[in-house]
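**Q** below are the sequence and a predicted model; questions follow.
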Amino acid sequence: MSGIVLSTAVRQNLLSLQSTADLLATTQGRLATGKRVNTALDNPVNFFTASGLDARASDISNLLDSIGNSVQVLQAANTGITSLQKLVDTAKSIANQALQTNVGYSTRANITSGAVTTNGVGVGASDLRGLGTVINTAVTPGAVVNVGAGPGTLTAATLLSAIGTGPTAIANGDTFSVNGKNITFDTATVTATKSTTDASGNVIFYTQSAAAVSDVLSAIDTAAGNTGTGSVASTVANSGAATSKLQLNSGVNSDLTLGGTTGLAKLGLNAGITKRTGDTLTFTPLGGGLATTVTFGDGTGGSVKSLNDLNNLLAGDNLTAAISSTGLLTISASNDFASFSLPTVAGTAQSGADANGAFQVAKGAVTTANPIADPNSQATRQGLVTQYNNVLNQIATTAKDASFNGVNLLNGDTIKLVFNETGTSTLTITGVSFNPGGLGLANLVAGTDFIDNAATNRVLASLTTAGTTLRSEASALGANLSVVQIRQDFSKNLINVLQTGSSNLTLADTNEEAANNQALSTRQQIAISTLALANTAQQNVLKLLQ
């Protein structure tokens, strides 16, 4: 349109109107998009920085979907563990029912002794020593006993009046005690009576009678209870020789306690206690117990005196003992190990080393080598085995079902979570196999498991271990779930930060842009009016030409 000539004023107004139109178009574009930077031409630095922030926010947002799925995988596993723990507790309750039912055997393996007696009466729980569990102990001989001036030559027939001479002879009133009973010598009374015994068992010997050494020995044995079966009569050792001494014995009914001074010394004896020698019983290990040796004695030095002593010792080999009112001592497998056979029994009380040993068949001992099952109780326990196995089947299926979107952390699967767009921040969660085998549990066998308390306790121990394993894994899953949720929240917040940063670089101030739009519209109207005025001069010329 080079042929058209515009005046300077018109052209100036036209340029102003065009500039205003351009600004108005820009402002209206910002109002339409809400952004003041829409292209790289608007602000290259802000545009590309905002694009980078938006791209990172988008990448992290895409990762949030994967993180959300992983949270559900962990939740599914945690739900599975909670159910598995309940099933394990159910299995425990079944095992505890087995413990509370009657023992599965009417008779446990045992050995019952013949009667153990003292003075013909059965021993009691407080003291098990007697004929069948202890044997005689010979007292260590004291000094040589002289006849007259000696040396020695004492025999059982030697009269008491012939013992010693001067200060070594028996004097009137000399006395000593045997197990609390006094033996006194009377040298003054002339009588043919050898001795007298009062109601308490105290004895007086009259030396002017025909009382002899054999009479004193017999009185000592009577006072000591060294009589009857198992007794060994006290005698004169090296009788008639220069080294003759009194040889006392404890017997089997009680220990021998000698007291006094002068009276004992005249007979070459010493005060003190001579204990009976205890028999032994040995047992090989039963049910993982310890091989045990029982030595009957006074309860000191590891020996066994009472029934409590015996049970405390036998407990280490899973055995228990009881005694009847007639002195029959029964040693059997403990209640928890009722299904076990009797271990091998030996020792002097059983082997014949003690001819009167109470645990010999010849002395009336009876052995029940194997337990006798109780059909009703065993049937109940077998029913519990079936219930237990059903629970284990549920444990297996529950572990398989604890999956989300095909991933099962309780069936050996592994998940890897990526938390940032570069893949440098990750978390790998390794799954476990929590089927019954993975928990250390196995199906029970009727007739083998739950048959007694020991077998049941083994099952309970494995269930306790399984429960501990489940709690440990639940703790680990909880920790991982917490980490994932924290990272999930972090990613959400980071996306917000990135998007806010991008918006700060590109978003328009709508208030400002609205004001600009109004101002530009007004300016445009003014420019149009001014342009019209500039054209008025030319219109006047046109009128003149008309």
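**A** Done, it's in.
**Q** C-alpha only now, for contacts and for neighbours.
**A** Noted.
**Q** Ser51: neighbour count?
**A** Residues lying near Ser51 (other C-alpha atoms under 10 Å) number 16.
**Q** tell me if I'm right that it and Leu498 touch.
**A** No: if you go by C-alpha atoms under 8 Å, Ser51 and Leu498 don't touch, sitting 10.3 Å apart.
**Q** enumerate every residue touching Lys92.
**A** By C-alpha atoms under 8 Å, 6 or more residues apart in numbering, the residues touching Lys92 are 460, 463.
**Q** part of a strand, is it?
**A** No: counting by DSSP: H, G, I helix; E, B strand; the rest coil, Lys92 is located in no strand; its state is helix.
**Q** distance of it relative to Ala98?
**A** Lys92 is 10 Å from Ala98, where distance means C-alpha to C-alpha, to the nearest Å.
**Q** before we move on, what about Phe185?
**A** From Phe185 to Ala98 the distance is 71 Å (C-alpha to C-alpha).
**Q** more neighbours, these two?
**A** Ala98 (27 against 20).
**Q** wait, doesn't that one sit right on Phe450?
**A** Yes: look at Ala98 against Phe450 with C-alpha under 8 Å: they come within range, at 6.4 Å.
**Q** Val361: how many residues sit nearby?
**A** So Val361, with other C-alpha under 10 Å, has 16 neighbours.
**Q** that should have said Asn62, apologies.
**A** 12.
**Q** name the element it belongs to?
**A** Following DSSP states H and E, one finds Asn62 within helix 44-100.
**Q** any idea of the mean pLDDT in that helix?
**A** Here helix 44-100 scores 86 as its mean pLDDT.
**Q** gap between it and the chain center?
**A** 33 Å (C-alpha atoms, centre = their mean, to the nearest Å).
**Q** skip ahead from it and say which helix or strand is next.
**A** strand 105-107.
**Q** can you spell out which helices and strands pack onto the helix or strand just after that next one?
**A** Using DSSP H and E, the helix or strand that follows strand 105-107 in sequence is strand 110-115. Strand 110-115 is packed against strand 328-333, strand 366-368, with contacts defined by 3 or more C-alpha pairs under 8 Å, 6 or more residues apart in numbering; DSSP states H and E.
**Q** partners of strand 110-115 in the sheet?
**A** strand 328-333 (antiparallel), strand 366-368 (antiparallel) (DSSP bridges).
**Q** bridged to the closest residue to Ala346 other than its chain neighbours, which residues?
**A** Spatial nearest neighbour of Ala346, chain neighbours left out: Thr282 (5.0 Å); criterion: C-alpha to C-alpha, 6 or more residues apart in numbering. Taking DSSP bridges as the rule, Thr282 bridges to Thr293, Ala346.
**Q** I'd say Thr282 and Gly347 touch.
**A** Yes: using C-alpha under 8 Å, Thr282 is in contact with Gly347, at 5.4 Å.
**Q** out of the strands paired with strand 110-115, which one sits most buried?
**A** strand 328-333 (a mean of 24; mean count of other C-alpha atoms under 10 Å).
**Q** what's the average pLDDT for it?
**A** For strand 328-333, the per-residue pLDDT averages 96.
**Q** what about Leu290, which SS state?
**A** Leu290 - assigned by three-state DSSP - is coil.
**Q** what is the burial count for it?
**A** So Leu290, with other C-alpha under 10 Å, has 15 neighbours.
**Q** so how far is Ala95 from the spatially most central residue of the chain?
**A** Closest to where the C-alpha atoms of the chain average out (C-alpha atoms, centre = their mean) is Ala461, at 7.9 Å. With distances taken as C-alpha to C-alpha, Ala461 is found 10 Å from Ala95.
**Q** just the pLDDT for the residue lying closest to Leu99 once chain neighbours are set aside.
**A** Once flanking residues are discounted, Leu99 sits nearest to Asn453: 5.8 Å by C-alpha to C-alpha, 6+ apart. pLDDT for Asn453: 88.
**Q** what do you get for the one 3 residues further on?
**A** Here, the pLDDT recorded for Thr456 equals 91.
**Q** over to Gln538?
**A** 62.
**Q** and if you look at Asp509?
**A** Value for Asp509, per-residue pLDDT: 58.
**Q** kindly report the same for Thr414.
**A** 90.
**Q** residues in a beta bridge with it, which ones?
**A** In beta-bridge terms (that is, DSSP bridges), Thr414 pairs with Thr430.
**Q** how many neighbours does it have?
**A** When neighbours are counted by other C-alpha under 10 Å, Thr414 comes out with 14.
**Q** who touches it in this structure?
**A** 407-408, 428-431.
**Q** would you list the buried entries among these?
**A** 407-408, 429, 431 (16 or more other C-alpha atoms under 10 Å).
**Q** which stretches of the stretch 301-450 of the chain form helices?
**A** Assigned helices in the stretch 301-450 of the chain, in chain order: 307-314, 348-351, 375-401 (criterion: DSSP state H, counting those that start in this stretch).
**Q** so how far is Ala362 from the residue nearest to Leu314 when sequence neighbours are not counted?
**A** Spatial nearest neighbour of Leu314, excluding adjacent residues (C-alpha to C-alpha, 6+ apart): Thr320 at 6.0 Å. Distance, Thr320 to Ala362, using C-alpha to C-alpha: 23 Å.
**Q** what do you get for Asn238?
**A** Asn238 is 35 Å from Ala362, by C-alpha to C-alpha.
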